[in-house]
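> Need a 3D model of the following:
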Amino acid sequence: MAAEQAVAVNPPDTGEEKPDSAVVRDALGVGVAVGLSGFAFGVTSAGSGLTLLQTCVLSLLVFTGASQFALVGAIAAGGSPFTAAAGAFFLGVRNAFYGLRLSQLLALPRAVRPFAAQWVIDETTAVSLAQPTRRSARLGFVVTGLSLYVLWNLTTLLGALGAEAIGDTAAWGLDAAGPAVFLALLAPMLRTTTERLVAGLAVLLGLGLLPVLPAGVPVLVAALAAPAVLWARGRALGARGRAQDAPRVGAPDEVSEEDR
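As a prediction, this is how the structure comes out:
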């Protein structure tokens with residue numbers, strides 16, 4: 001039992017070696033590509049009425065793009081800060097589950113974990129899990145996290161300064177930059193039918209409830225799409241299983257060897 005627990009906590013390496021240069025190249029590619037979208041967040045945040053300091057502090061401390069865009073988007077729509085923060089919080093909860101998996105994979109020293117937790121996001125998790133060994137996973141995590149954190153905060157600052165310089169962002173159409181980037185990051189993640197159904201139902205709930213609910217609340221209601229789709233899928237699979245197990249109508253009864 002102790003040996004099995006040790007294997008579960010410290011998963012063995014696959015034995016496949018990957019050059020450090022390849023890990024760094026892949027990690028930098030993700031870090032640079034996503035980090036540049038911090039400019040869109042800076043523009044969106046400034047256009048939503050947040051100050052330059054507030055915008056930069058959000059990127060420094062929150063550092064999870066989906067939650068940041070959700071927060072400033074709800075504020076821009078007229079929602080209360082508490083409603084906006086609640087929506088951002090629920091989007092950021094997924095990072096806690098990433099942390100559970102990465103804590104086993106990376107096995108970092110306890111003194112380092114509080115600092116590494118700041119970099120536990122979609123991109124660092126994806127790069128780390130794609131590596132064949134623990135050493136390359138650690139390298140991918142560090143390079144992705146460092147490059148993305150630095151570039152995201154730098155482009156956030158540039159975006160906020162640019163928004164202040166051009167004045168009204170709505171006149172330039174830059175208020176749509178945030179949602180566009182968010183959708184661009186989300187779309188490649190929708191690989192299964194269930195994920196697409198959840199996304200589609202969330203869009204219907206969010207857009208359909210906009211005219212009747214206060215700003216920011218439709219985002220929270222849209223979060224119910226996931227449990228609703230999973231419940232419906234479970235019912236459908238259960239019904240299908242019962243149909244397969246049920247005897248066919250009109251089929252002749254099986255005759256046992258003893259009755260023959």
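
> Helix, strand, or coil at Arg110?
Following DSSP: H, G, I helix; E, B strand; the rest coil, the label given to Arg110 is coil.

> what sits against it?
Residues near Arg110 by CB atoms under 8 Å, 6 or more residues apart in numbering: none. In this view, the C-beta of every residue, glycine as well, is placed from N, C-alpha and C.

> Look up how far Ser103 lies from it.
10 Å (CB to CB, to the nearest Å).

> now do Thr124
Taking CB to CB, one finds Thr124 at 13 Å from Ser103.

> cool, Phe41 as well?
28 Å.

> same deal with Phe97?
Here the criterion is CB to CB. By it, Phe97 lies 11 Å from Ser103.

> quick one, which of Thr124 and Ser103 is more surrounded?
More crowded of Thr124 and Ser103, by other CB atoms under 10 Å: Thr124, with 27 against 15.

> just checking, what packs against the helix of greatest length in the chain?
If you go by DSSP state H, the chain has its longest helix at helix 134-166. Helix 134-166 sits against helix 20-35, helix 38-47, helix 52-61, helix 94-106, helix 122-129, with contacts defined as 3 or more CB pairs under 8 Å, 6 or more residues apart in numbering; DSSP states H and E.

> next one: the second one to chain centre, how far?
Read it as helix 38-47. 19 Å (CA atoms, centre = their mean, to the nearest Å).

> and the angle from it to helix 134-166?
40 degrees (axes from the mean of the first three to the mean of the last three CA atoms, to 10 degrees).

> quick check: mean pLDDT across helix 38-47?
The average pLDDT for helix 38-47 rounds to 87.

> Kindly report the same for the longest one.
With pLDDT averaged residue by residue, helix 20-35 scores 89.
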